[in-house]
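Trainee: kindly return the folded structure for what I paste below:
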Amino acid sequence: MTVPPEITARKEELCGLINKFNYQYYAVDNPEVSDSEYDRLFRELKQIEAEHPALLTLDSPTQRVGGQVLDKFIQVSHSLPMLSLDNMFNEADLKAFNKRVKDWLNSENTPTYIAEPKLDGLAISLRYEQGILVRAATRGDGKVGEDVTVNTRTISSIPLKLIGSGVPEVIEIRGEIFIPKLGFESLNKQQIADGKKPFVNPRNAAAGSLRQLDSRITANRPLEIYCYGLGEIKGLAEMPESHSAAMSMIEKWGCRISPELQKVSSIKACEAYIKQIGERRDTLAYDIDGVVFKVDDLYLQQRLGFVSRAPRWAIAHKFPAQQEMTTVEGIEIQVGRTGALTPVARLNPVFVGGVTVSNATLHNQDEIDRKDIRISDTVIVRRAGDVIPEVVQVVLSKRQEQSKPFILPSRCPICDSEAERLEGEVILRCTAGLYCPAQRKEAIKHFVSRKAIDVDGLGDKIIEQLVDKGLVDDPADLFTLKIGQLSALERMGDKSAENIINAIDLAKKTKFSSFLYSLGIREVGETTARSLAKHFLTLDALKEADEEVLIGIEDVGPIVAHSIVTFFHQPHNQEVIERLLMAGLEWPKEQQQLTNTVLSGKIVVLTGTLEELSRSEAKEKLLALGAKVAGSVSKNTDYVVAGRDAGSKLTKAEGLGVKVVDESTLIEWIR
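Mentor: Below you'll find the predicted structure:
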């Protein structure tokens, strides 16, 4: 049925008006119409769409309220990583950060910074294509997050369609989703009225609300957003030169930015900003846990780049943790994957920094002795960095006369094996290895984790049941499991059991570095495992290496070398590895890193979309040729490999005079 043109025109007019009024209400806090007028226009739009379904589009303002129920969240790879921030806690840290920035830039001048409160919420990346919201993903681990598009569309302060002119073909806008204090209070009152458990703090409530499989629940939660940065951009006519200009740009398109955003051009101005935000912390409408400073100039940001998973051009000042007084009801010993015996204080529950704290790590015997912490002591507890509960000190004036110093046991509390403390270490460890039930569970959980062997669907609770029932004693036993054994577990049917068996079978084909990481050798993380795999190429060669040979490898020091040699000399570990190989675990032969090629020691940056290779494949090939693959362009970059739709990295390379090559040259290098 053809829709009359005047109806189509009215529908477009209503969408434009409502989007405009949403922008004025949420983004700039300057409503232009009354609520009743807004509601009247909204009802009219809904009626038109009900009578003419062909006019209903995804970017219509009527499509905010969710009604979709998901089975699970889909994993999403971020086109540009969502980096975390390094922390600072005092003026000395701020000055040290500023000095590092100036040193990296080889400048004596303090750059202009952008300052804004650090919201205590959940990071989100909003992807707009042709101005329409097509995907929203959580930060996750920075590289891979969860697709929460359906839920995000229910949040009124997030535009479904960007307004105004100059909107690019693709733009990813990063922000923080949170629940305001008043909204949190109302939410908890409703939870109590409904006979449900109240939320502990606004951040947990926001995270839980956004990650609902039923978007109707999310729609009823008072979620809001402030946008703070950009990710991938394609087709933007003119790139802004500064972060502040970028924020003004997206604000004009309808995105909400922090009203506290401010330029600061000196360390004194930074300190003044920290002071005034700290003084107003309790009066702000939302929870914050600090202040963020970013270098404003985007070109300088690119020059500074990042280290590990944090940018060099930004830092978060964390406010002092809140402290409360409570009592130590007991001290228990936890045994970790590597056999570490960690004392944990069981506290009389106390509300600190927005959460109820009932446990606090005591780290080790040296820490207990230093603070002289005893059972029944009254102590001051804080959440260090607003994350980890910590016992700050004992209130000696309240100590009971009969209290005695606490000494860690000389035997493992789980398996009663001898516990030892190696020279130069502060940690006491159980010597039983995989024989200890506590280590056994954690070792198997580590073995099947995503960055190790990666067995999809084999979660912690299933592993705990398998160990408790005696079905699995070590990682090799996983490959002997039968469907019937798994289906007999709690909440496990035949289909789920079959899926896990298939996943275990698929995990037999792995990478040498992943296999080494999965073994849980002390001090051997992902990076060290990759270095070992590249150097030795085969398991036999690694097993025969002595400490002197190992110390000569990148990322391997004396402690790591000792751990590796000790691990492979243990008969029990040899037996488990042999059984794993007999079960069918295999990996392609590692390519030895070449040292006499045109790329040996050269710094290469990949940008744009490659046609023949994935970005990860290209990186592996370049590393095998002896190159160093960097994430950002600098004056030290030797080559930039530019694929289709190469963006700012290509522009910067051309500006710095860095040699730019295409994918065909990359293929020639590889061949």
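
Trainee: what comes into contact with the helix or strand Ile171 falls within?
Mentor: Secondary structure from DSSP states H and E places Ile171 in strand 170-178. Strand 170-178 has contacts (CB atoms under 8 Å, 6 or more residues apart in numbering) with 79-80, 82, 119-129, 152, 155, 162, 202-203, 206, 210, 223-236, 250, 255-256, 286-287. Bear in mind the C-beta positions are built from the backbone N, C-alpha and C, glycine included.

Trainee: pull up the pairing partners for that strand, direction included.
Mentor: strand 122-129 (antiparallel), strand 224-234 (antiparallel) (DSSP bridges).

Trainee: export the first one as PDB, just CAs?
Mentor: The one in question is strand 122-129. The C-alpha coordinates for strand 122-129 follow below in PDB (Å, rounded to 0.1, in the frame of the first residue of the first chain):
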ATOM      1  CA  LEU A 122      30.700   1.100  32.300                       C
ATOM      2  CA  ALA A 123      32.700   2.000  29.100                       C
ATOM      3  CA  ILE A 124      30.800   1.700  25.800                       C
ATOM      4  CA  SER A 125      31.700   2.100  22.100                       C
ATOM      5  CA  LEU A 126      28.900   3.400  19.900                       C
ATOM      6  CA  ARG A 127      29.300   2.800  16.200                       C
ATOM      7  CA  TYR A 128      27.300   5.100  13.800                       C
ATOM      8  CA  GLU A 129      27.200   4.400  10.000                       C
END
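
Trainee: what about Ala285, how many neighbours?
Mentor: For Ala285, the neighbour count with other CB atoms under 10 Å is 11.

Trainee: grab the nearest non-local neighbour of it.
Mentor: Take Ala285 and drop its neighbours on the chain: the residue closest to it by CB to CB, 6 or more residues apart in numbering is Pro180, 4.9 Å away.

Trainee: spit out the contact partners of that neighbour.
Mentor: Pro202, Pro222, Glu224, Ala285, Tyr286.

Trainee: and the next element down the chain from the strand holding Ile171?
Mentor: Past strand 170-178, the next helix or strand by DSSP H and E is helix 181-193.

Trainee: output the below-cut-off pLDDT ranges for the stretch 451-600 of the chain.
Mentor: 590-597 (pLDDT under 70).

Trainee: all helices of it, in order?
Mentor: 460-468, 483-487, 494-506, 512-518, 526-536, 539-544, 547-551, 558-569, 571-582 (DSSP state H, counting those that start in this stretch).

Trainee: do the same with the stretch 1-150 of the chain
Mentor: Going by DSSP H, counting those that start in this stretch, the stretch 1-150 of the chain shows helices at 5-22, 35-51, 91-105, 149-152.

Trainee: can I get these in TSV including mean neighbour count, mean pLDDT and distance to Val292?
Mentor: TSV is the format used below for those (neighbours: other CB atoms under 10 Å; pLDDT from 0 to 100; distance: least, CB to CB, whole Å):
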stretch	mean neighbour count	mean pLDDT	distance to Val292
helix 5-22	15	87	26
helix 35-51	14	82	34
helix 91-105	15	94	12
helix 149-152	23	94	22
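
Trainee: start to end distance for stretch 165-175?
Mentor: 22 Å (CA to CA, to the nearest Å).

Trainee: tell me which residues in it are buried?
Mentor: Within stretch 165-175, the residues that count as buried by 16 or more other CB atoms under 10 Å are Val167, Pro168, Val170, Ile171, Glu172, Ile173, Arg174, Gly175.

Trainee: pretty sure the second one is in a strand, no?
Mentor: Looking back up the chat, that one is Pro168. No: according to DSSP: H, G, I helix; E, B strand; the rest coil, Pro168 belongs to no strand; its state is coil.

Trainee: quick check: it touching Lys234?
Mentor: Yes: in this structure Pro168 lies within contact range of Lys234 using CB atoms under 8 Å: 6.2 Å.

Trainee: nearest the geometric middle of the chain, what residue?
Mentor: Asp141 (3.0 Å; CA atoms, centre = their mean).

Trainee: by neighbours, which of the contacts of Pro180 wins?
Mentor: Going by other CB under 10 Å, Pro202 tops those with 24 neighbours.

Trainee: phi first, then psi, for that one.
Mentor: phi -60, psi -40 (degrees, to the nearest 10).

Trainee: deepest of the helices of the stretch 451-600 of the chain, which one?
Mentor: helix 512-518 (a mean of 23; mean count of other CB atoms under 10 Å).

Trainee: which other helices and strands contact it?
Mentor: Counting contacts by 3 or more CB pairs under 8 Å, 6 or more residues apart in numbering; DSSP states H and E, helix 512-518 is packed against helix 526-536, helix 539-544.

Trainee: ok now it, how far from the chain's centre?
Mentor: The chain centre lies 22 Å from the centre of helix 512-518; the measure is CA atoms, centre = their mean, to the nearest Å.

Trainee: now swap in stretch 652-662 and tell me
Mentor: The answer for stretch 652-662 is 32 Å, by CA atoms, centre = their mean.

Trainee: buried residues, that stretch. List them.
Mentor: Lys652, Ala653, Val658, Val660.

Trainee: what distance separates the start and the end of that stretch?
Mentor: 16 Å.

Trainee: tell me the mean pLDDT over it?
Mentor: For stretch 652-662, mean pLDDT is 86.
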